[in-house]
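In: Provided below are the primary sequence and the corresponding predicted coordinates.
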Amino acid sequence: MKLIKLMLLLLVLALVLVGCQTKELTAPKPGDQAKSYMIGDGERPRNAQYNIWAGQTTLAGYMNISNDANFIYVNYQFINGWKATTTHVHVCTNIADVPVNSAGNPILGDFAYVVDHLPPTTNYTEVVPIPTGLTTGDMVIIVSHCAIILEDGEGNIIQNETGFGGEEPGPTGNRWWFYMWYTLNGGGDYMYETAMVRMYDSDTDFTHRWLMKNNRPHPWFSYVKTYPGMDPQTFYFYAGQKYKCGEVEIWHEGDFLKVDLTMVNDWSLLASHLKIQLVGFQGAPAFGLFPYSSYHEPPTNQLLYSVPWNTDWDGMQLNISLHGDVRHIVIPE
């Protein structure tokens with residue numbers, strides 16, 4: 001009996017040790033991520049406006065990021081009754097420099113800029129000095145958290161949520177968080193926008209929109225539906241909801257689905273993300289996790305995706321989402 005108990009004890013200890021080793025090997029390590037997320041690697045998009053996500057899936061507002069020669073301006077703008085009670089901002093050049101706990105979750109109290117808002121606010125701008133040594137074209141990571149509330153028409157709080165700006169999923173931790181990449185510009189020579197493919201050539205066309213929480217359509221995240229044939233079908237690429245910045249041709253050629261993007265009107269492409277599926281798009285889009293991505297430094301005016309054809313697509317209508325980070329030359333007045 002003693003021998004059996006001893007064997008069981010040794011088995012339990014072995015299992016515990018294996019479990020500990022597995023946890024140590026699989027736990028996210030910020031330092032290990034640094035090489036992939038350092039600035040200047042030419043593989044991250046630039047933009048000026050990002051979404052604020054409440055509870056990961058609800059659009060609560062927009063982050064507007066800009067800079068001058070000395071400062072980065074991190075602006076929170078809330079919509080649809082959402083307001084911020086606290087904001088946390090951290091700016092760095094390496095994802096490993098984001099303060100996190102042992103589980104890899106951000107330590108909000110250790111962020112460089114923490115502000116409580118009494119009363120709660122719908123619009124707030126944090127002014128952050130540009131990190132020493134950075135200049136035009138360099139990239140920074142911005143983590144913008146907010147504790148937010150939703151009020152009804154009479155000012156009663158009906159919901160409390162955590163919010164983060166951006167689309168890039170945090171690479172560490174067991175809780176969701178997002179962050180943003182931002183490229184320092186030279187004082188307004190370019191306008192940066194987010195672009196989405198849409199069905200028709202109209203600045204008011206949102207025929208097919210992403211479905212967000214509770215099946216509410218996103219205000220302007222669009223996608224297209226098509227039965228790809230041998231002849232290219234033309235769709236349209238719109239930036240900032242209302243600016244036509246490109247045209248997209250889609251067709252089936254042999255063993256590939258072709259998606260050809262041509263930028264127009266002095267717009268250029270910094271990054272794009274492509275996803276194809278048989279059902280419509282829903283949920284909070286993490287464009288950085290799309291299966292097909294392209295990053296360009298310097299920016300490009302032409303991009304062709306050749307996606308291996310899936311036999312499940314034969315004779316089926318495809319849902320195609322093409323997202324882009326784009327820029328446009330601003331002519332000084």
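Out: Good, I have the coordinates. Numbering: from 1, shown residues only.
In: For the rest of this, base every contact and every neighbour count on C-alpha atoms.
Out: Noted.
In: how about the helices in this protein?
Out: In the chain, the helices defined using DSSP state H lie at 2-26, 30-37.
In: Confidence-wise, which of the ones you listed is weakest overall?
Out: Confidence, taken as mean pLDDT, is least for helix 30-37 of the helices of the chain (a mean of 26).
In: In the stretch 51-200 of the chain, where is pLDDT below threshold?
Out: The model of the stretch 51-200 of the chain has pLDDT under 70 over residues 186-190.
In: And P298, how far from R327?
Out: Distance check for P298 against R327: by CA to CA, to the nearest Å, it reads 11 Å.
In: L184 too?
Out: With distances defined as CA to CA, the gap from L184 to R327 amounts to 13 Å.
In: Look at stretch 142-162 and report the distance between its end residues.
Out: Stretch 142-162 has its terminal residues 17 Å apart, counting by CA to CA.
In: Contacts for that stretch, please.
Out: By CA atoms under 8 Å, 6 or more residues apart in numbering, the list of residues contacting stretch 142-162 from outside reads 54-55, 81-92, 98, 108, 163-165, 178-182.
In: got the buried residues for it?
Out: 142-151, 160-162 (16 or more other CA atoms under 10 Å).
In: and which of those residues is nearest A271?
Out: Checking the buried residues of stretch 142-162 against A271 by CA to CA gives I142 as the nearest, at 18.1 Å.
In: Show me the beta-bridge partners of the closest one.
Out: For I142, the beta-bridge assignment (DSSP bridges) gives partners V91, M180.
In: likewise P129?
Out: The residues paired with P129 through beta bridges, assigned by DSSP bridges, are F71.
In: Might you report the residue contacts of it?
Out: Applying CA under 8 Å, 6+ apart as the definition, the contact partners of P129 turn out to be N70, F71, I72.
In: change it to 10 Å
Out: By CA atoms under 10 Å, 6 or more residues apart in numbering, the contact set of P129 is N67, D68, A69, N70, F71, I72, Y73, V91.
In: out of those residues, which one sits closest to N265?
Out: Compare each of the contacts of P129 with N265 using CA to CA and the shortest gap goes to N67, at 24.9 Å.
In: out of P298 and R327, which sits in the more crowded spot?
Out: Applying other CA atoms under 10 Å to P298 and R327 shows that R327 carries more neighbours, namely 24 against 9.
In: Neighbours of the closest residue to the more buried one other than its chain neighbours, how many?
Out: Of all residues not flanking R327 in the chain, Y192 sits nearest, at 4.4 Å (CA to CA, 6 or more residues apart in numbering). Other residues lying near Y192 total 28 when counted by other CA under 10 Å.
In: Looks like Y192 contacts A271 (just checking).
Out: No - applying CA atoms under 10 Å as the test, Y192 and A271 come out as separate, 11.5 Å apart.
In: pLDDT score for the closest residue to Q317 other than its chain neighbours?
Out: Nearest-residue entry for Q317: Y227, 4.7 Å, with adjacent residues in sequence omitted and distances by CA to CA, 6+ apart. At Y227, the model reports a pLDDT of 97.
In: for the residue nearest the centre of the chain, what are its contacts?
Out: Centroid-nearest residue in the chain: E167, 1.6 Å away (criterion: CA atoms, centre = their mean). Applying CA under 10 Å, 6+ apart, we find E167 in contact with 50-53, 56, 177-181, 284-289.
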